[in-house]
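Colleague: would you be able to build a 3D model of this:
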Amino acid sequence: MANDNIILVVIIVFFFCFCQFTTTSFSLAYPLVPAIYTFGDSLVDVGNNNYLLFSLVKANFPHNGIDFPTKKPTGRFCNGKNAVDLLGVNFASGGSGILNQTNQKNSLSLTKQVNSFIKVHKALNKQLGPSGLNQHISKSLFVIVTGSNDIFSYFGSAELRNKTTPSQYINSMVATFKGQVERLYNLGALRFVIVGIGVIGCTPSQRKSNKAEQCNEEVNSVAIKYNEALTSTLKSLKVEQKELNYSYFDGYSVMQNAIQKPATYGLFEIKAACCGLGKLKADVYCLPVSTVCSNRSSHLFWDASHPTETAHRIFVDYIFGGPLRFTFPLNVKQLIGT
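Modeller: Numbering: from 1, shown residues only. This next block holds a predicted model:
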């Protein structure tokens, strides 16, 4: 039942995308592509987990949504809009990962999200017919933002670390990721937007664990190695499937720049969360009893692990029109033209 509810939301959003425009650079994409389908975790969940009845990973309560147009919590793990509000159809599930075992009781894994898309694909086939569907899918963008929770799960499980080396775990993540991209490709998807894992060892939840409030470089090291393995796999996949085109966003480098040179991005606070309690406001996640900063636009992090709307907008600008250094081999603006 929960999956069917999510699909219903997706279909509603699908039609909504054709008549609504945002004020950000991504609004330029709407006249140029039929739709944008998004898969991933809480960084891009717009409330899908609200429909998972037994999930504990939800953000449908204050102070989340405090800067959203309605001023109400919507299920976004953010003070306002996240990157997907600037994109399109959404299958993302907070807490989810690439691997099926990552937070499986509370979230829909990447594989399950693709399964949901297949149901929408069948519905669209009835509506558009095979020829119309092929044109629609081949011209649409498929955005995937996931992987952070897999790494957090690895470091949070002594059992996983005892039986699996970081390299083995990364290889499993990348192989699963590639498999899901291939499933989408076999359904006609040709344009992919892939977001690499950010500097997740520098989130407030990781910094609070040491007295000096420094980043967890062990976590960052695995994130770097995963990103390297992923980009290598994407290059190989492009060779195998010549019709496939992709845009990879180096979220790690952009986030690292924001941490090292916050003023350049209009940021002031890059360590502490805006909403929470305790050290760096990260001992307790953003709950109704938490305190909330007033200068939210100057914070990098909204809660212990999620960016503010300001940060999301920074990332989206790079994704859409960023230079080759950060968004390659094409940015989204260029990808749309392929």
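Colleague: only C-alpha atoms from now on, for both contacts and neighbour counts.
Modeller: Will do.
Colleague: give me the residues contacting the helix or strand containing residue 223.
Modeller: Assessed by DSSP states H and E, residue 223 sits inside helix 217-240. Defining contact as Cα atoms under 8 Å, 6 or more residues apart in numbering, one finds that helix 217-240 is touched by 148, 151-152, 155, 166, 170-171, 174, 178, 196-202, 244-245, 248, 252.
Colleague: now do the contacts for residue 98.
Modeller: Applying Cα under 8 Å, 6+ apart, we find residue 98 in contact with 109-111, 146-147, 150, 173, 176-177.
Colleague: and the two most separated of those?
Modeller: 111 and 150 (13.5 Å; Cα to Cα).
Colleague: which residues are common contacts for these two?
Modeller: Residues touching both residue 111 and residue 150 comprise 98-99, with contact defined as Cα under 8 Å, 6+ apart.
Colleague: got the contacts of residue 98 as JSON lines, with pLDDT and neighbour count columns?
Modeller: Below are these laid out as JSON lines (pLDDT from 0 to 100; neighbours: other Cα atoms under 10 Å):
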{"residue": "109", "pLDDT": "96", "neighbour count": "27"}
{"residue": "110", "pLDDT": "97", "neighbour count": "28"}
{"residue": "111", "pLDDT": "97", "neighbour count": "20"}
{"residue": "146", "pLDDT": "97", "neighbour count": "28"}
{"residue": "147", "pLDDT": "97", "neighbour count": "27"}
{"residue": "150", "pLDDT": "98", "neighbour count": "22"}
{"residue": "173", "pLDDT": "98", "neighbour count": "22"}
{"residue": "176", "pLDDT": "98", "neighbour count": "17"}
{"residue": "177", "pLDDT": "98", "neighbour count": "21"}
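Colleague: ok, and for stretch 241-252, which residues are buried?
Modeller: Going by neighbour count (16 or more other Cα atoms under 10 Å), the buried part of stretch 241-252 is 244-252.
Colleague: next: stretch 94-104.
Modeller: Using 16+ other Cα under 10 Å as the test for burial, stretch 94-104 gives 94-100, 102-103.
Colleague: roughly how far is the one helix or strand residue 335 maps to from the heart of the chain?
Modeller: Remark: residue 335 resides in helix 332-336, with elements defined by DSSP H and E. How far helix 332-336 lies from its chain's middle: 19 Å, per Cα atoms, centre = their mean, to the nearest Å.
Colleague: and stretch 245-263, by the same measure?
Modeller: Mean-position distance between stretch 245-263 and its chain equals 14 Å (Cα atoms, centre = their mean).
Colleague: repeat for stretch 81-99
Modeller: 5 Å.
Colleague: again, but for stretch 312-329
Modeller: 14 Å.
Colleague: go on, stretch 47-56?
Modeller: Per Cα atoms, centre = their mean, the displacement of stretch 47-56 from the mean C-alpha position of its chain is 17 Å.
Colleague: next: stretch 188-200.
Modeller: 8 Å.
Colleague: run through who's touching it.
Modeller: 134, 137-148, 206, 219-220, 223-224, 226-227, 243-253, 255-256, 305, 332, 335-336.
Colleague: so which of those sit within strands?
Modeller: 141-145, 245-249 (DSSP state E).
Colleague: in those, find the pair that's most separated.
Modeller: The two members of the ones in strands among the contacts of stretch 188-200 with the most space between them (Cα to Cα) are 145 and 245, at 16.7 Å.
Colleague: middle-most residue in this structure, spatially?
Modeller: Nearest residue to the geometric centre of the chain (Cα atoms, centre = their mean): residue 145, 3.3 Å.
Colleague: so what's the backbone phi/psi at the residue nearest to it when sequence neighbours are not counted?
Modeller: Leaving aside its sequence neighbours, residue 145 sits nearest to residue 40 (Cα to Cα, 6 or more residues apart in numbering; 4.6 Å). Per-residue torsions, residue 40: phi 160, psi -150 (degrees, to the nearest 10).
Colleague: and for residue 191?
Modeller: Dihedral angles for residue 191 - degrees, to the nearest 10 - are phi -120, psi 120.
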